[in-house]
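Undergrad: whatever this is, show me its structure:
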Amino acid sequence: MAELISNRKIWNIAYPIILGSVAQNFINVIDTAFLGRLGEAELGAAAIGGVFYLVVIMFGYGLGLGTQIMVARRAGEQRENRTGIVVEHSVVTLFVLSVLVFGLIKFLSPSFFSAIITSPRIQGLTDDYVQIRSWGIFFAFINMGFNAFFIGTARTRVITLSTTFMAVVNIILDWLLIFGNMGFPAMGIKGAALASVLSEVSASVFMVIYTVSFSNTRRYGLFSFNRFNRHLWMRLIGISLPVMVQNVISLAVWFAFFVFVEKMGETELAVSNIIRSVYVILMIPIWGFSAASNTMVSFLIGRGRENEVVRLVFRISWLCLAMVLLFVVACVLMPESIIGIYTDDQVLVASSLPALYVVCGTVICFAFAMVFVSAVSGTGRTKVALVIEMAVIGVYLVAAYAFSSVFMFPVAVVWTVEFIYAGLIFILSYIYLRYGKWRENPLQL
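TA: The predicted structure is shown next:
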């Protein structure tokens, strides 16, 4: 019994996701580092375009997380042969969803960016980036379906392999396409977008080949090509839709944050893109342990062990914090070297340092906030997680707008709104897990 929630078990689920996230987010570092050599406008456009892309792929991420919850529950119930049909319904739905999202981007993004971005140059560069980057949505969504299967069944090593492969492909293509090395055209920000798309294609190909070649498809009922099951699909959508809305809104608010900062000036936007890139790396352990929290909570409930959930979530949070502190110490000890990865401009380096120290503090709060809110979703109460997110986002948006546009604080102070977000998410999630009535009536997934 104890082995099911041991530190080793938690780590075995979390560390492949962490390693995979290192590889995946290394792409972000390389893109930002290359574009930082082109100029502040390119760096700022990549910030807005990159966050916009993250917003739209959250539709797929939400469905993937709902799939992960259902797969983990099947594993806890020892019905692994019923996971394949869940994955098949998920992948087909993800593909249809990707077509719809792609169409919306192609038709709406030009007028959308012209309405919200003040600088004509950043507006044009952002649209250039997004128009190419949007082609990666099809493959990103498919990858999320496969990731949900492997995380839900606690077989996460493949995620490390696929994202490492994707990162290597992206680095090579960035070097070739952004500056035009080896006879390739110098495409600038368009080259960064194209490199990212092609790297996502490579990850999809890798996932399909690995699944067919090395997974026990009969054990999990994969590739059985079952008939459409309306009842199963409705349960999948019922679990996934609140997560989808929650994550889209969460990233949309972050996008709004960058729109607020863009109106402060190109330098402030460039600083925020650098900080965003570092911030994402600091969040890597948190995403890994959050995925472990989501999966293991659902697994425990499947075993009828609801009373162990809160203790498990605290254990995951402390392990997460220990690893986050390693990242934070590295940033505090050599901040100029880390910022120097992205730009040679010493003024920009100096302007970025205060904000860097701010995010080093916020990720400590997020070590608990993200693990706890993921646990709420792991109980199957994704609507509750959505309500928590919506309540916190309202406060966050008001604070971000007031700090940037009313009080006109320096950009580092504007970044302190992340403390507000993380603190409230943790408090509300803890209250629900500790005092909510989810134990008395576990959802049937």
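Undergrad: so in this protein, where's the weakest helix or strand by average pLDDT?
TA: helix 7-36 (a mean of 68; mean pLDDT, DSSP states H and E).
Undergrad: contacts for stretch 129-145, please.
TA: Contacts to stretch 129-145, defined as Cβ atoms under 8 Å, 6 or more residues apart in numbering, come from residues 45-46, 49-50, 52-53, 56-57, 60-61, 63-64, 67, 87, 90-91, 94-95, 97-99, 101-102, 105-106, 109, 113, 162, 189-190, 192-194, 196-197, 200-201, 203-204, 207. Where C-beta positions appear, they are placed from N, C-alpha and C, glycine not excepted.
Undergrad: just checking, what packs against the helix or strand harbouring K106?
TA: Here K106, judged by DSSP states H and E, is contained in helix 83-116. When contacts are defined as 3 or more Cβ pairs under 8 Å, 6 or more residues apart in numbering; DSSP states H and E, helix 83-116 packs onto helix 40-76, helix 120-133, helix 137-152, helix 217-220, helix 230-262.
Undergrad: okay, the ones you listed in a markdown table with distance to I18 next?
TA: Formatted as a markdown table, the helices and strands packed on helix 83-116 follow (distance: least, Cβ to Cβ, whole Å):
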| stretch | distance to I18 |
| --- | --- |
| helix 40-76 | 16 |
| helix 120-133 | 25 |
| helix 137-152 | 12 |
| helix 217-220 | 24 |
| helix 230-262 | 20 |
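Undergrad: which among these is found nearest to I281?
TA: Among these, helix 40-76 comes nearest to I281, with 14.0 Å by Cβ to Cβ.
Undergrad: got the angle for the closest one vs helix 120-133?
TA: 40 degrees (axes from the mean of the first three to the mean of the last three Cα atoms, to 10 degrees).
Undergrad: quick check: phi and psi at T379.
TA: phi -70, psi -10 (degrees, to the nearest 10).
Undergrad: quick check: chain neighbours aside, which residue is closest to it?
TA: Of all residues not flanking T379 in the chain, W438 sits nearest, at 4.7 Å (Cβ to Cβ, 6 or more residues apart in numbering).
Undergrad: do the same with F255
TA: Here the residue nearest F255, using Cβ to Cβ, 6+ apart, is V51, at 4.7 Å.
Undergrad: any idea how far S277 is from the one you found?
TA: Using Cβ to Cβ, to the nearest Å, one gets 11 Å for the distance from V51 to S277.
Undergrad: comparing those two, which residue is more hemmed in?
TA: S277 (25 against 20; other Cβ atoms under 10 Å).
Undergrad: I figured that one was touching I339, is that so?
TA: No. With contact defined as Cβ atoms under 8 Å, S277 does not count as touching I339 (9.9 Å).
Undergrad: any low-confidence regions in the protein?
TA: Within the chain, the segments meeting pLDDT under 70 span 1-5, 13, 15-17, 19-29, 441-445.
Undergrad: against the centre of it, work out the most remote residue.
TA: Distance from the C-alpha centroid of the chain, by Cα atoms, centre = their mean, peaks at G183 (34.6 Å).
Undergrad: residues in contact with that residue?
TA: Here G183 is in contact with no residue (Cβ under 8 Å, 6+ apart).
Undergrad: hmm, back to that, ok, the residue nearest to T379 - contacts?
TA: E306, T379, G380, R381, V384, Y432.
Undergrad: go on, G378?
TA: I69, A72, S293, N294, T295, M296, V297, S298, I301.
Undergrad: same question, N247
TA: Contacts of N247 (Cβ under 8 Å, 6+ apart): M58, Y61, G62, L65.
Undergrad: hmm, back to that, need the max-distance pair from the contacts of G378.
TA: Top of the distance list for the contacts of G378 (Cβ to Cβ): S293 and I301, 12.6 Å.
Undergrad: look at those two and report which has more neighbours.
TA: S293 (29 against 25).
Undergrad: host element of that one?
TA: Using DSSP H and E, S293 falls in helix 284-302.
Undergrad: show me which residues of that helix are buried.
TA: 284-302 (16 or more other Cβ atoms under 10 Å).
Undergrad: next one: stretch 186-205
TA: Quick answer for stretch 186-205 (16+ other Cβ under 10 Å): 187-204.
Undergrad: with just CA atoms, put it into PDB.
TA: Below are the C-alpha coordinates for stretch 186-205, written out as PDB (Å, rounded to 0.1, in the frame of the first residue of the first chain):
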ATOM      1  CA  ALA A 186      17.700  33.800 -43.800                       C
ATOM      2  CA  MET A 187      14.000  33.900 -42.700                       C
ATOM      3  CA  GLY A 188      14.400  35.600 -39.400                       C
ATOM      4  CA  ILE A 189      11.300  35.200 -37.200                       C
ATOM      5  CA  LYS A 190       9.500  33.200 -39.900                       C
ATOM      6  CA  GLY A 191      12.400  30.800 -39.700                       C
ATOM      7  CA  ALA A 192      11.900  30.300 -36.000                       C
ATOM      8  CA  ALA A 193       8.300  29.600 -36.600                       C
ATOM      9  CA  LEU A 194       8.900  27.100 -39.400                       C
ATOM     10  CA  ALA A 195      11.600  25.300 -37.300                       C
ATOM     11  CA  SER A 196       9.100  24.900 -34.500                       C
ATOM     12  CA  VAL A 197       6.500  23.400 -36.800                       C
ATOM     13  CA  LEU A 198       8.900  20.900 -38.300                       C
ATOM     14  CA  SER A 199      10.100  19.900 -34.900                       C
ATOM     15  CA  GLU A 200       6.500  19.100 -33.800                       C
ATOM     16  CA  VAL A 201       6.100  17.000 -37.000                       C
ATOM     17  CA  SER A 202       9.200  15.000 -36.000                       C
ATOM     18  CA  ALA A 203       7.800  14.400 -32.500                       C
ATOM     19  CA  SER A 204       4.500  13.100 -33.900                       C
ATOM     20  CA  VAL A 205       6.300  10.700 -36.200                       C
END
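Undergrad: other residues contacting it?
TA: 27, 31, 34-35, 38, 42, 45-46, 49, 125, 128-133, 135-136, 139-140, 142-143, 162-163, 165-167, 169-170, 173-174, 176-180, 185.
Undergrad: okay, the contacts of G378 in TSV with distance to W318 next?
TA: Putting the contacts of G378 into TSV (distance: Cβ to Cβ, whole Å) gives the following:
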residue	distance to W318
I69	23
A72	22
S293	12
N294	17
T295	18
M296	15
V297	16
S298	21
I301	22
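Undergrad: relative to R157, which of those residues is nearest.
TA: T295 (14.5 Å).
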